[in-house]
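Participant: this one's structure only:
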């Protein structure tokens, strides 16, 4: 009886992993925003390079308001600190270097086909979450 229960549990877990949406690949989002201190509307591009395995998301995120270096070049992509996917819902946390130290950005939403939709928010910030939509490249 224990063997049958164990086999059933394993099948259940495998089916759950198989039902997770596919986020493997490169996704790009372009968002328009006005800087909080005023100024002209700008376009921000976020590039997700993602790999999924067993409900975990790994990879990198580039852009998303990350500061440019003194030479004007964009900083290298940041590794995903924590990422998970359950069914079509995902959460991705990325830590980057901000003006006042480390900043954790949380991307959360759903995936359908070749599109990720959700919001990005900064942990500990008063900033309202911003919607984003990223398309697979």
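Facilitator: Okay, I see it. Keep in mind the model is a prediction, meaning the values are calculated, not measured. Residues are numbered from 1 along each chain as shown.

Participant: What segments of this protein are strands?
Facilitator: With strands called from DSSP state E, the chain shows them at 25-33, 42-53, 56-63, 78-86, 89-98, 101-112, 115-122, 130-136.

Participant: by contact count, what packs against the last one?
Facilitator: So the one you mean is strand 130-136. strand 25-33, strand 42-53, strand 115-122 (3 or more C-beta pairs under 8 Å, 6 or more residues apart in numbering; DSSP states H and E). The way it works is simple: take the backbone N, C-alpha and C, and place the C-beta from them, glycine included.

Participant: same thing but 6 Å
Facilitator: Applying 3 or more C-beta pairs under 6 Å, 6 or more residues apart in numbering; DSSP states H and E, we find strand 130-136 packed against strand 25-33, strand 115-122.

Participant: Kindly reformat the ones you listed as CSV containing mean pLDDT.
Facilitator: Formatted as CSV, the helices and strands packed on strand 130-136 follow (pLDDT from 0 to 100):
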stretch, mean pLDDT
strand 25-33, 91
strand 115-122, 96
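
Participant: Could you identify which of these is most buried?
Facilitator: strand 115-122 (a mean of 18; mean count of other C-beta atoms under 10 Å).

Participant: Show me what that strand is in contact with.
Facilitator: 27, 103, 105-110, 129-135 (C-beta atoms under 6 Å, 6 or more residues apart in numbering).

Participant: Quick check, central residue of the chain?
Facilitator: residue 92 (3.9 Å; C-alpha atoms, centre = their mean).

Participant: Looks like that residue contacts residue 105 (just checking).
Facilitator: No - with contact defined as C-beta atoms under 6 Å, residue 92 does not count as touching residue 105 (8.5 Å).

Participant: What is the neighbour count of residue 21?
Facilitator: Applying other C-beta atoms under 10 Å, we find 17 residues neighbouring residue 21.

Participant: that older thread, report the two of the contacts of strand 115-122 separated the most.
Facilitator: Greatest spatial distance among the contacts of strand 115-122 (C-beta to C-beta): 103 and 135, at 25.2 Å.
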